[in-house]
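Engineer: here is a sequence together with a model predicted from it:
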Amino acid sequence: MSQTQTQWRGKTFQDLVSEAKSRIHELSAEDLKRWQAQGKEMVILDVREPEDFQYGHLPGAINIPRGLLELEVDELIPNQDKVIVAYCGGGSRSALAADTLTTMGYANVYSLAKGFRGWTP
């Protein structure tokens, strides 16, 4: 390995998640429950894989796996002003998803802090 190759280090998954979290808004499970109780209009977006969604998901959630988000979101959520709360298992993939959605022009995007594991009915 050359010296140039050893000096350059790409970003890790955690680096990418940390950067995304510095640019997005996170929402606690308590705040999401409050919004739901108030009847706030929003899309709850599960970015986990379909198998995970099938075994349990937040009430009213729709599923677009993180790997298909950019491809499918325009069709399923055409209104870019809609409030979107994205979640995954632990809050990392949803942070990346929220960052991507913001880059795509969605104006009111949140990532559920601690993800599905942080949700208690």
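Structural biologist: Ah, there it is.

Engineer: which residues of this structure score low on pLDDT?
Structural biologist: 1-6, 121 (pLDDT under 70).

Engineer: can you give me the helices in it?
Structural biologist: 3-7, 13-23, 29-38, 50-55, 69-76, 92-103 (DSSP state H).

Engineer: from residue 113, how far out is the most centrally placed residue in the chain?
Structural biologist: Centroid check for the chain by Cα atoms, centre = their mean gives residue 94 as the closest residue, at 2.2 Å. According to Cβ to Cβ, to the nearest Å, residue 94 stands 9 Å off from residue 113. For the C-beta atoms, the positions are set from N, CA and C on the backbone; glycine is no exception.

Engineer: on that earlier part again, the residue nearest to the centre of the chain reaches residue 100, doesn't it?
Structural biologist: No. Assessed by Cβ atoms under 8 Å, residue 94 is found out of contact with residue 100, at 10.4 Å.

Engineer: figure out the length between the terminal residues of stretch 36-52.
Structural biologist: The straight-line separation of the ends of stretch 36-52 (Cα to Cα, to the nearest Å) is 22 Å.

Engineer: who's in contact with that stretch?
Structural biologist: The contact list for stretch 36-52 (Cβ atoms under 8 Å, 6 or more residues apart in numbering) reads 32, 35, 53, 57-66, 69, 77, 82-89, 93-94, 97, 116.

Engineer: let's see it at 7 Å
Structural biologist: 35, 53, 57-58, 60-66, 69, 77, 82-89, 93-94, 97 (Cβ atoms under 7 Å, 6 or more residues apart in numbering).

Engineer: next one: stretch 103-115
Structural biologist: With Cβ under 7 Å, 6+ apart as the test, stretch 103-115 has contacts from 24-29, 32, 80-91, 94-95, 98, 101-102.

Engineer: try it again at 8 Å.
Structural biologist: Stretch 103-115 has contacts (Cβ under 8 Å, 6+ apart) with 21, 24-29, 32, 70, 73, 77, 80-95, 97-98, 101-102, 118-119.

Engineer: what does stretch 90-101 give?
Structural biologist: 13, 16-17, 19-21, 23-26, 45, 47-48, 66, 69-70, 73, 84, 86-88, 109-118.
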